[in-house]
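J.: structural data only, the sequence is not supplied:
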């Protein structure tokens, strides 16, 4: 948003970031994502409320607290979702957001090393490349998928999403391509763009029903900044609704619960939360070929040396370069499960524990959850994290889909392409019959985790819908001079990773704002 809006020299843009500058090598090196997912100063390190349907467990939610936001700590997969996802938005009353409407903005953003065609752009700021990984496990996965009867797709963002294949990655010559290192880098030096880091916004200032600016905390001191035109929230599915609520905009019961005054009733704020729940099935390997081999100092140093000289290797690729979009029922219109293969005996807890033996894992992500959660204030203190309650598995259909996806993955492990690498599945899966639904459900409830795609808490929709927070131009309904432009505006979660769609949303909204600009 800041980069596109500051292209107009008549506009002054102030970009406020609660976190720091993005100068860490951990951001730059793709394989160091495991260090970013763990609690650290560049990560908000949220925890959810206890989840009733997951045996009372709290989920760890990493989100980026650094220039570039979560694009600075994510897995760098460039996935747009299914075309039908966006047509569905339009059918829900979000005019201008059908697939044919938003495809030009995906292409505008993308600097793909694919040939320019109907689906891909080559001149955009966000560099997108194909894989560089040569690991035999990746090839084994693709072979096993074919043996199981799954189609192969050369392009998850092209004409057909369904199938197994290689993910496109927001990586350039082994370097992460976050929005800060692409868009913001291009905008650096513009006299009409000011960037302030370590500046956490605490509330939006209002005059009646008009947003006039923001109050923030920087260096332990409060500051107020006035907006000449409008305030744009890009805080994501947690911070944006929290900031609206702190400013007295939202469901009155949520705001008054922490003793704050209500300035504008908007009941959809913090509601409609959706996230991708994920299950991991791991397996022991016969040979020491997993990522764990690079914990040896000599091997790790050699791979880092390759990375420094831009030679493709383990450090320059994303950690889940192959995967699949599959249907648990052939009659479905679009895939309802996404797979990510990881070449490590990973735990299900976001890499918080280092692997101690050679293994591999397949993540099973349920793409279109029926369950809906909430964001609400825990306190009137803007520095205190909001209460996050995703209500995972609140709807029985979500458990059924995850169960069927898990069965499919266990069958995939038994195909020769992968079976040749594996000794046995890791406990608790080893020894449990594939068709034992009760045991499978129990393991899912005990082990499922998020795969980091929360959306929907400032949902876009028609102004006459009581659940809408922003209209199709992303203006907050009933408040002048205020928009929300991030994943929170998605009325329904798309079938895939959410980074590329969020960038598309910003591209489209920037064009809408430019079309409305008149001299101040």
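T.: Nice, thanks for sending it over. Source: prediction; values computed, not measured. Numbers count the residues shown, from 1 in each chain.

J.: buried sites along stretch 14-34?
T.: 14-19, 22, 24, 26-34 (16 or more other C-beta atoms under 10 Å). Just so you know, the C-beta spots here come from the backbone N, C-alpha and C atoms, and that holds for glycine as well.

J.: surely residue 335 meets residue 161?
T.: Yes. Look at residue 335 against residue 161 with C-beta atoms under 8 Å: they come within range, at 6.2 Å.

J.: ok, these two, which is more surrounded?
T.: Taking other C-beta atoms under 10 Å, residue 335 and residue 161 do not tie; residue 161 has more neighbours (24 against 21).

J.: what residues does the more buried one make contact with?
T.: 81-82, 153, 325, 334-335, 495-496 (C-beta atoms under 8 Å, 6 or more residues apart in numbering).

J.: need the residues touching each of residue 335 and residue 161.
T.: Contacts common to residue 335 and residue 161, judged by C-beta under 8 Å, 6+ apart, are 82, 325, 495.

J.: that's a strand at the last one, yeah?
T.: No. With DSSP: H, G, I helix; E, B strand; the rest coil as the criterion, residue 495 is located in coil rather than a strand.

J.: that one: how many residues sit nearby?
T.: 24.

J.: got a pLDDT number for it?
T.: At residue 495 the predicted local confidence, pLDDT, stands at 98.

J.: residues touching the closest residue in space to it that isn't next to it in sequence, list them.
T.: Taking C-beta to C-beta, 6 or more residues apart in numbering, and ignoring the residues beside it in sequence, residue 495 has residue 367 as its nearest neighbour in space, at 4.1 Å. Shown in contact with residue 367 (C-beta under 8 Å, 6+ apart): 276, 325, 335-338, 493, 495-496.

J.: and the contacts of stretch 108-117?
T.: Under C-beta under 8 Å, 6+ apart, the answer for stretch 108-117 is 78, 120-130, 155, 168, 182, 500, 503-504, 507.

J.: what does stretch 397-411 give?
T.: 53, 148, 277, 279, 281, 326, 328-329, 336-337, 339, 362, 364-366, 369-371, 392-393, 425, 429, 434-435, 437, 440-441, 444, 448.

J.: mind listing the helices for this structure?
T.: 2-5, 25-28, 33-37, 83-91, 99-109, 136-147, 185-187, 236-246, 252-256, 297-308, 396-413, 416-419, 437-447, 499-516 (DSSP state H).

J.: can you report how many residues neighbour the closest residue to residue 456 other than its chain neighbours?
T.: In this structure, residue 456 finds its nearest non-sequential neighbour in residue 272, 4.2 Å apart by C-beta to C-beta, 6+ apart. Neighbourhood size, residue 272 [other C-beta under 10 Å]: 26.

J.: which residues touch residue 272?
T.: 372, 456-457, 459, 467, 491.

J.: swap the cut-off to 7 Å and go again
T.: 372, 456-457, 459, 467 (C-beta atoms under 7 Å, 6 or more residues apart in numbering).

J.: as JSON lines, these with pLDDT, distance to residue 226 and neighbour count would be great.
T.: Output for these, formatted as JSON lines (pLDDT from 0 to 100; distance: C-beta to C-beta, whole Å; neighbours: other C-beta atoms under 10 Å):
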{"residue": "372", "pLDDT": "98", "distance to residue 226": "37", "neighbour count": "15"}
{"residue": "456", "pLDDT": "98", "distance to residue 226": "31", "neighbour count": "26"}
{"residue": "457", "pLDDT": "98", "distance to residue 226": "27", "neighbour count": "32"}
{"residue": "459", "pLDDT": "98", "distance to residue 226": "29", "neighbour count": "26"}
{"residue": "467", "pLDDT": "96", "distance to residue 226": "32", "neighbour count": "14"}
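
J.: just those: which are in strands?
T.: For these, not one is inside strands, with DSSP state E as the criterion.

J.: closest one to residue 251 out of those residues, please.
T.: For these, the residue nearest residue 251 by C-beta to C-beta is residue 467; the value is 10.7 Å.

J.: and the closest one, what does it touch?
T.: Contacts of residue 467 (C-beta under 7 Å, 6+ apart): 268, 271-272, 459, 461.

J.: what's the neighbour count on the nearest residue to residue 370 once chain neighbours are set aside?
T.: Leaving aside its sequence neighbours, residue 370 sits nearest to residue 395 (C-beta to C-beta, 6+ apart; 3.8 Å). Using other C-beta under 10 Å, residue 395 is surrounded by 14 other residues.

J.: touching, residue 395 and residue 372? I think so.
T.: No. Using C-beta atoms under 7 Å, residue 395 is not in contact with residue 372, being 8.4 Å away.

J.: common neighbours of these two, please.
T.: With C-beta under 7 Å, 6+ apart, residue 395 and residue 372 have no common neighbours.

J.: contacting residues for residue 497?
T.: 77, 79, 453.

J.: residue 217 touches residue 203, doesn't it?
T.: No. With contact defined as C-beta under 7 Å, residue 217 does not count as touching residue 203 (10.3 Å).

J.: ok, these two, which is more surrounded?
T.: More crowded of residue 217 and residue 203, by other C-beta under 10 Å: residue 203, with 19 against 16.

J.: who's in contact with the more buried one?
T.: 215, 243, 246-247, 382.

J.: which among those residues count as buried?
T.: 215, 243, 246-247, 382.

J.: so where's the stretch 251-400 of the chain shaky on pLDDT?
T.: Within the stretch 251-400 of the chain, the ranges that satisfy pLDDT under 70 run 347-355.

J.: what is the burial count for the closest residue to residue 51 other than its chain neighbours?
T.: If the residues on either side of it in the chain are set aside, residue 51 comes closest to residue 392, at 5.2 Å by C-beta to C-beta, 6+ apart. Applying other C-beta under 10 Å, we find 26 residues neighbouring residue 392.

J.: isn't residue 392 up against residue 366?
T.: No. Taking contacts as C-beta under 7 Å, residue 392 lies outside contact range of residue 366: 9.9 Å.

J.: mutual contacts of the two, please.
T.: Going by C-beta under 7 Å, 6+ apart, residues that sit against residue 392 and also against residue 366 are residue 277.
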